[in-house]
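Novice: Sequence first, predicted coordinates after that:
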There are 2 protein chains.
Amino acid sequence: MNDIASKVLKGEPRSVARLITLAENNSPDAAIAMKDIHPNTGEAHVIGITGVMGGGKSTLISEITREYRKQGKKVGIIAIDPTSPFSGGALLGDRVRMMELAMDEGVFIRSMGTRGMLGGLTSAVYDVVEILDASGKDIVIVETVGVGQAEVDVIKIADSTLVVLVPGLGDSIQTIKAGVMEIADIYVINKADRPDVNQTVAEVKSLVDIDCSNKDRKKPVLTTNARNGEGIKELVNEIKKHKKYLDNSKEFDNKRMRRYEAELIEIIKKRLMNLIFDESKFKEKVESLIYKIFKKEVDPYTAADEILGKILK
Amino acid sequence: MNDIASKVLKGEPRSVARLITLAENNSPDAAIAMKDIHPNTGEAHVIGITGVMGGGKSTLISEITREYRKQGKKVGIIAIDPTSPFSGGALLGDRVRMMELAMDEGVFIRSMGTRGMLGGLTSAVYDVVEILDASGKDIVIVETVGVGQAEVDVIKIADSTLVVLVPGLGDSIQTIKAGVMEIADIYVINKADRPDVNQTVAEVKSLVDIDCSNKDRKKPVLTTNARNGEGIKELVNEIKKHKKYLDNSKEFDNKRMRRYEAELIEIIKKRLMNLIFDESKFKEKVESLIYKIFKKEVDPYTAADEILGKILK
């Protein structure tokens, strides 16, 4: 076995961080290590947390992590939201909270930037989930902003997905309608000390009532106030209940199969794009075709066919 | 020439709508027509409009369109924001405004949903821009929410990009920092009747001062109040000034080359993914590999190599 892979399996934080960086950079060494660690993955409970900006997701994640730590669980956190305090874009108070978590040896925090078109953020996130899983984390939390398609794709990796809303934010309900509904397993109305909380809860509950994406299970709607820890214990209980529900149904296997399908798609995409746009033997051809498209000497579809003809059997 | 292509070139709205649907559905007929229309594209000025939810982007777009119409220009609008009134998620007042636009024969509005992982929203948007361009629209406006990576990718298609912010929204500045800065050509502070407008303008201007993404041109910061039309004329003038700036610099050609590069990447991605995941000769193989990954009999990287070995020369 690869040296870095065996160190990751022992949970060494520096090797974990190094392998993540290699994976982010599409290094061939990463692929070798990923092959080695794959048999030791699949145990972690992957929790996706998404929601509007300013919903207090990061504070919520800190509190959820604290609760899991009390129960002796190791936690990995992956922040993809570029405005997240985990990613550095934070208020001082939030940062202090993160620092406390970061000092805890049972917690590993990683913030991931967005990638270029060729790189594939989604593919890198899948790798990082596998790495944290293999390193012995019981819980892996993936934080994202629930607006873009890429972010919705990312959250599909999770076993349990929390959609975080705040009272009185008019956009909330529209956000839910716009495709988030089918990915939610648990709704959390955070900042529950705000006025309008009852109205927001009622609105979300009425949406849950008409949601037919899962007939076996009614999606719970919880309120929390992450800043003072209210409702966190109940929320963690609800997340664990969802995990139990998954274990007892076929849904867990289905979710994991979908995750591996998505992972496979992303790796293939990444490899093909690197082949076509990064390798020198095609680079010149591609660049001359782009120029010809610009000059209207060829159209993009014909150009694509020409490139594909060079690489496909 | 293909029948639908020649009708699109004549600007027939029903053929335009039909070709867009074909392109969205990845139809081979679309590819044929796209080849025919490509030589007649490149004339439209493509304006990207992005910004936070609730920033009043749609009202702003209505007013910008009205102003261009007064000047005799034909306008195409592509809405990708799922919460946009153009996409149906609207307040009644906004919808009335859209209806008025929709009745104008010189305006073509198309709302686009998000697509699956294989489909590629970005690729379809590129097609739609080319179709509207070929159909004789002088201005093509692309509206998106500027949060996700996919949306930032989409907006790269534009010649001129407006980033819309509103006063007092704490997230605004963080949004700008998080990667939007390099894509902005013009900043618009909408809802300028709100308190804190001066502070927001000052904050954005201070960001513009330290922005080194373009040394030849200082990015303007404008205020508008789209609901009553304030500042719209000035904004349209500024957009036209930016177009002139592009025409006189090398930047326009560079932008277009990058657009065609992105378009080529998207078409190739789409074709390869369809080949691997939709064509029956691979489907069974792919599905058995996904099951093996799930069973830990193979890892995702090895599985990807196996599939690639089957299709690559």
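Specialist: Looks like it arrived, so ask away.
Novice: use CA for all of it now, contacts and neighbours both
Specialist: OK.
Novice: Which segments of chain A make up each domain?
Specialist: A:1-39, A:41-253, A:279-311 (automatic domain parsing).
Novice: nearest to chain B, of those?
Specialist: Nearest of these to chain B, taken as C-alpha to the nearest C-alpha: domain A:41-253 at 4.2 Å.
Novice: Quick one: end-to-end distance for that closest one.
Specialist: In domain A:41-253, first residue to last residue: 14 Å (C-alpha to C-alpha, to the nearest Å).
Novice: can you check stretch A:217-235 too?
Specialist: Taking C-alpha to C-alpha, stretch A:217-235 runs 17 Å from one end to the other.
Novice: what residues are up against A:A102?
Specialist: A:108-109 (C-alpha atoms under 8 Å, 6 or more residues apart in numbering or on different chains).
Novice: before we move on, what SS does it have?
Specialist: On the three-state scheme (DSSP: H, G, I helix; E, B strand; the rest coil), A:A102 is labelled helix.
Novice: now do A:K219
Specialist: Secondary structure, three-state DSSP: A:K219 is coil.
Novice: I'd say it and A:I183 touch.
Specialist: No. Using C-alpha atoms under 8 Å, A:K219 is not in contact with A:I183; the gap is 10.8 Å.
Novice: Tell me which stretches of chain A form helices.
Specialist: Applying DSSP state H to chain A gives helices spanning A:3-9, A:13-24, A:28-37, A:57-70, A:92-103, A:121-134, A:149-155, A:171-175, A:197-210, A:232-248, A:251-277, A:280-294, A:300-311.
Novice: returning to what we had before: dump the domains of chain A to JSON lines, plus mean pLDDT.
Specialist: Listed next are those as JSON lines, based on pLDDT from 0 to 100:
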{"stretch": "domain A:1-39", "mean pLDDT": "92"}
{"stretch": "domain A:41-253", "mean pLDDT": "81"}
{"stretch": "domain A:279-311", "mean pLDDT": "88"}
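Novice: Counting neighbours, what do you get for A:G168?
Specialist: Using other C-alpha atoms under 10 Å in any protein chain shown, A:G168 is surrounded by 15 other residues.
Novice: go on, A:L246?
Specialist: When neighbours are counted by other C-alpha under 10 Å, A:L246 comes out with 17.
Novice: What count of nearby residues applies to the closest residue in space to it that isn't next to it in sequence?
Specialist: In space, and not counting its chain neighbours, A:L246 is closest to A:F252: 4.8 Å by C-alpha to C-alpha, 6 or more residues apart in numbering or on different chains. Residues near A:F252, counting by other C-alpha under 10 Å, number 17.
Novice: what separates A:F252 from A:L132, distance-wise?
Specialist: Distance of A:F252 to A:L132, computed by C-alpha to C-alpha: 19 Å.
Novice: Please apply the same query to A:I37.
Specialist: 10 Å.
Novice: wait, A:V164 sits on A:D185?
Specialist: No. Checked against C-alpha under 8 Å, the pair A:V164 and A:D185 is beyond contact range at 11.0 Å.
Novice: check contacts around A:A158.
Specialist: A:46-48, A:142.
Novice: who's more crowded, A:I37 and A:L132?
Specialist: Using other C-alpha under 10 Å as the criterion, A:I37 and A:L132 rank with A:L132 on top: 29 against 22.
Novice: Would you check that that one makes contact with A:V16?
Specialist: Yes. Using C-alpha under 8 Å, A:L132 is in contact with A:V16, at 7.3 Å.
Novice: Find the residues that touch each one of these two.
Specialist: Looking at what touches both A:L132 and A:V16 (by C-alpha under 8 Å, 6+ apart), there is no common residue.
Novice: Adding distance to B:I290, write the helices of chain A out as TSV.
Specialist: Below are the helices of chain A laid out as TSV (distance: least, C-alpha to C-alpha, whole Å):
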stretch	distance to B:I290
helix A:3-9	22
helix A:13-24	21
helix A:28-37	15
helix A:57-70	31
helix A:92-103	35
helix A:121-134	15
helix A:149-155	18
helix A:171-175	32
helix A:197-210	32
helix A:232-248	20
helix A:251-277	6
helix A:280-294	30
helix A:300-311	24
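Novice: The residue nearest to A:G229 when sequence neighbours are not counted: how many residues sit nearby?
Specialist: Nearest residue to A:G229, sequence neighbours excluded (C-alpha to C-alpha, 6+ apart): A:E63, at 6.5 Å. The local packing of A:E63 (other C-alpha under 10 Å) involves 24 other residues.
Novice: which non-adjacent residue is nearest A:S111?
Specialist: Using C-alpha to C-alpha, 6+ apart and skipping residues adjacent in sequence, the residue nearest A:S111 is A:A79, 4.6 Å away.
Novice: That neighbour bridge partners, please.
Specialist: Per DSSP bridges, the residues bridged to A:A79 are A:S111, A:E143.
Novice: quick one: it and A:R110 touch, right?
Specialist: Yes. With contact defined as C-alpha under 8 Å, A:A79 reaches A:R110; the gap is 6.3 Å.
Novice: between the two, who's got more neighbours?
Specialist: A count of neighbours by other C-alpha under 10 Å puts A:A79 above the other of A:A79 and A:R110, at 23 against 18.
Novice: what residues does the stretch 151-300 of chain A put near chain B?
Specialist: A:151, A:153, A:171, A:174-175, A:178, A:256-257, A:260-261, A:263-265, A:267-269, A:273, A:290-291, A:293-294, A:296-297, A:299-300 (C-alpha under 8 Å from any C-alpha of the partner chain).
Novice: All good on my end, thank you.
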